[in-house]
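# Here's my sequence, what's the structure:
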Amino acid sequence: MEIKNGVYTGAEGKRSLIDLEVPEKLKCNNIVLFVHGYKGYKDWGCWNLVQRYFTDRGIGFAKLNTSHNGGTVEEPIDFPDLDAFAENRYSYEVEDIKNAIIWIREKVNDPSVRIHLIGHSRGGGEVILAGKHPEVKTITTWAAISSIEDRFPSGEELDNWKQEGVRYVKNGRTNQDMPHNYSMYEDWEKNKNELSIERAASELKKPCLHIHGDVDEAVSITNAEHLSQWTEGKMIVIRDGDHTFGSKHPWEDDELPPKLYEVCSLTRQFVEQYSEG
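Alright, predicted model coming up:
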């Protein structure tokens, strides 16, 4: 089975795209659900090659666009819908993951199939938050954040955001000024307990793996150290690994960069380790 650009219903009833590929010979009945990070989407950079890596080795693979990531069903690449991007918030993306799991179960109606979460960067923090879902067998984070609060501005910058109601972040690749409404921070304040990655990680009773590069310029490796401590999960450091493990957008090669290949290999071994029971 292969579904490219299927449609699921995400937070606030917003429709978004999702891919699912289930190899004919599904190894140990495993399906991975991959969650992209900030200013990301399912077809960014090497993510399609990551899908191919897993499916070539008999593991099913799904990846979604979060519902308010700035893409649309008709135009999923980059960010044509900045109004939706402005309204995004962490609780929406956690809901998207849960809704994507429901969508996968509708397509693969086999209770023996196990779902494994992988999240990159911001998506890594969110798979921790969504990881208690009963359908989830394991959680793997790639260059993940360990705190939502730490990603917000503070002091005068936070005061200005509240006063103006919106703040902008430049996207260096697309040259867009990408808006964040203050409602994102208000959602965090309202749902601090539910959006505490530390709390969720400490309560997880599932196998967790945390992979991080030691030259990550975007998210400090201390985030992986925290996650590993809270989940009592394994941490693996990728030597000379940056935030995207050597990948970029666009990616014009037909092979994964060596560091990302290493990350995929380690993740596959971890998933297969917990394929029984």
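# going forward, measure contacts and count neighbours with C-alpha atoms only.
OK.
# in this structure, which spans are strands?
2-9, 15-21, 30-35, 60-64, 114-120, 136-142, 166-171, 176-181, 208-213, 234-238 (DSSP state E).
# can you put these in a markdown table and add mean neighbour count, mean pLDDT and distance to Leu195?
As requested, those are exported to a markdown table (neighbours: other C-alpha atoms under 10 Å; pLDDT from 0 to 100; distance: least, C-alpha to C-alpha, whole Å):
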| stretch | mean neighbour count | mean pLDDT | distance to Leu195 |
| --- | --- | --- | --- |
| strand 2-9 | 16 | 98 | 21 |
| strand 15-21 | 23 | 98 | 22 |
| strand 30-35 | 26 | 98 | 17 |
| strand 60-64 | 26 | 98 | 20 |
| strand 114-120 | 25 | 97 | 16 |
| strand 136-142 | 26 | 98 | 17 |
| strand 166-171 | 14 | 96 | 21 |
| strand 176-181 | 18 | 97 | 18 |
| strand 208-213 | 25 | 98 | 18 |
| strand 234-238 | 18 | 98 | 22 |
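# Which among those is found nearest to Pro250?
Across the strands of the chain, Pro250 has its closest neighbour in strand 166-171 (14.5 Å, C-alpha to C-alpha).
# Check which helices and strands the closest one is in contact with.
strand 176-181 (3 or more C-alpha pairs under 8 Å, 6 or more residues apart in numbering; DSSP states H and E).
# Just checking: what are the partner strands of the strand it packs on?
strand 166-171 (antiparallel) (DSSP bridges).
# quick one on the thing from earlier: how about the strands of the chain in TSV, adding distance to Leu158?
Listed next are these as TSV, based on distance: least, C-alpha to C-alpha, whole Å:
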stretch	distance to Leu158
strand 2-9	32
strand 15-21	30
strand 30-35	28
strand 60-64	31
strand 114-120	26
strand 136-142	28
strand 166-171	9
strand 176-181	12
strand 208-213	29
strand 234-238	33
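# For the nearest residue to Asn181 once chain neighbours are set aside, give me its contacts.
Counting by C-alpha to C-alpha, 6 or more residues apart in numbering, Asn181 lies nearest to Val166, which is 4.3 Å off, once chain neighbours are set aside. With contact set as C-alpha atoms under 8 Å, 6 or more residues apart in numbering, Val166 has these partners: 179-182.
# same thing but at 10 Å, please
86-87, 160, 178-184 (C-alpha atoms under 10 Å, 6 or more residues apart in numbering).
# so which of these would you say is closest to Gly40?
Looking across the contacts of Val166 and measuring by C-alpha to C-alpha, the closest to Gly40 is Met178, at 12.5 Å.
# Right, I'll leave it there.
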